[in-house]
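Undergrad: Based on what follows, work out the 3D shape:
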Amino acid sequence: MSYSIDHRLIRQFIAAVEHGNITSASIALNISQPALTKSIRKLESSLGIQLLERHSRGVVPTAYGEILLRRGKLVELEFEYAVAEIEAMKGGNKGAIRIGASPVFATLFIPRVSATLIKSNRGLKIDLLNGVLDTLLPNLLQGDLDIICTSLDFPDHPEIVKEHLIDLEHTIFARTNHPLANQTIISAKDLMSYDWIMLAQDQIAISRLGSYFSSNGISPPRIIMETNSFDTAFSMVKEGNFLTSAASSMSEMAKIAGLIPLHIQGTLWKFPAGVSFRRSTSTPKIVSTFINILKKEINKALPS
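TA: As a prediction, the model looks like this:
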């Protein structure tokens, strides 16, 4: 079965869902509210389904609407890729790239990579979203990000390409005058006496931390604070006898914050890291360029 649907209808439907309100969406689209309502009803009529559930506070997508939202955003993404390639071919080098980055990448690599990318692509705009794998991957799958730089410790997905660039290892950090600071070998039992600060929504890291303790026959540690900022986490750890977990590559940043890595017994968590991006008929040139620059920066940082 084939459908003849105006692309603008899909764009207007996406706006309605994202704003959660027909009035707000119509203002953003610069069209009247009745016109937007008519467009969505026309789209529903064309597909023979209900796409939105209308409530007093606004609208939410139905199960059918969720599917169209996800696939429709991918259509929008491919259109943006096409426009970017056309502009590049015309010599304009305009467009944007939306990058998601974990703390390690955001701190150690993204600033220099972004500066190099902008320098060679005048007119390019970079949108950077800091986060963890659990928050960045859904955004990539939904088409809200073009590429993410983070752990690759997640199941393969038919719509996602993973490219391994570096291996990272998590360790435990504490303030320099922490009671465990001068111990040569610290057991999991020793670590249980202290409260932990972790990144918010980083369920993989929290799970790996729990696995480390359970493998030593101990219950998971007490996490007394979660934050979406590594700066805040490090600052909090400096204020008391708290502990936090981060990639060992963050040691220099931790040192500046007044923290040191602890010499724990065994390995906390080793994992592959790199970039992930949506599978497409052809990878957008700006994404390929970004990856190539990132590879060079990572190779510079690796021990020779």
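
Undergrad: So what does residue 272 have for phi and psi?
TA: Taking degrees, to the nearest 10, you get phi -80, psi 140 for the backbone angles of residue 272.

Undergrad: who's in contact with it?
TA: Contacts for residue 272 were tallied using C-beta atoms under 8 Å, 6 or more residues apart in numbering; they are 151, 152, 153, 164, 166, 167, 168. Just so you know, the C-beta spots here come from the backbone N, C-alpha and C atoms, and that holds for glycine as well.

Undergrad: beta partners for the last one?
TA: The reference is to residue 168. Each beta-bridge partner of residue 168 is listed here: residue 271, as defined by DSSP bridges.

Undergrad: can you offset everything so residue one is 616?
TA: In the new count, where the first residue is 616, that last one comes out as residue 783.

Undergrad: what sits against it?
TA: If a contact means C-beta under 8 Å, 6+ apart, then residue 783 has 719, 766, 862, 863, 864, 885, 886, 887, 888 as its contacts.

Undergrad: so the last one sits in a helix?
TA: No. Residue assignment for residue 888, taken from DSSP: H, G, I helix; E, B strand; the rest coil, gives strand, which places it outside any helix.

Undergrad: count of residues packed around the closest residue to residue 674 other than its chain neighbours?
TA: With C-beta to C-beta, 6 or more residues apart in numbering as the criterion, residue 674 has its nearest non-adjacent residue at 4.5 Å, and that residue is residue 667. Applying other C-beta atoms under 10 Å, we find 21 residues neighbouring residue 667.

Undergrad: re the thing from before, taking the contacts of residue 887 one by one, which sit in strands?
TA: 766, 779, 781, 782, 783 (DSSP state E).

Undergrad: on that earlier part again, contacting residues around the residue nearest to residue 674?
TA: The neighbourhood of residue 667, defined by C-beta under 8 Å, 6+ apart, consists of 628, 631, 632, 655, 659, 674, 675, 676, 677, 680.

Undergrad: If we use 10 Å, what do you get?
TA: Residues near residue 667 by C-beta atoms under 10 Å, 6 or more residues apart in numbering: 628, 631-632, 637, 652, 655-656, 658-659, 673-677, 679-680.

Undergrad: Quick one: buried ones out of the residues you listed?
TA: When these are checked for burial by 16 or more other C-beta atoms under 10 Å, the buried set is 628, 631, 632, 637, 652, 655, 658, 659, 673, 674, 676, 680.

Undergrad: now, the most widely separated pair of the residues you listed?
TA: With distance counted by C-beta to C-beta, no two of those lie farther apart than 658 and 673, which are 17.6 Å apart.

Undergrad: Contact partners for residue 806?
TA: Under the criterion of C-beta under 10 Å, 6+ apart, the contact list for residue 806 reads 787, 789, 795, 824, 827-828, 831, 833, 836, 858, 877, 879-880, 883.

Undergrad: which among these end up buried?
TA: Among the contacts of residue 806, those buried by neighbour count (16+ other C-beta under 10 Å) are 787, 789, 795, 824, 827, 828, 836, 858, 877, 879, 883.

Undergrad: ok, the third one touching residue 877?
TA: It refers to residue 795. Yes. Here residue 795 reaches residue 877: they are 5.7 Å apart, a contact under C-beta atoms under 10 Å.

Undergrad: Among the buried ones among the contacts of residue 806, pick out the one closest to residue 624, please.
TA: Nearest to residue 624 among these is residue 824, at 47.1 Å by C-beta to C-beta.

Undergrad: pLDDT score assigned to that closest one?
TA: The confidence metric pLDDT takes the value 89 at residue 824.

Undergrad: ok, so what distance separates it from residue 648?
TA: 50 Å (C-beta to C-beta, to the nearest Å).

Undergrad: What residue spans form the domains of this structure?
TA: Described in terms of automatic domain parsing, the domain architecture of the chain consists of the residue ranges 622-683, 687-781+887-916, 783-886.

Undergrad: How many neighbouring residues does residue 811 have?
TA: Using other C-beta under 10 Å, the number of residues around residue 811 comes to 21.
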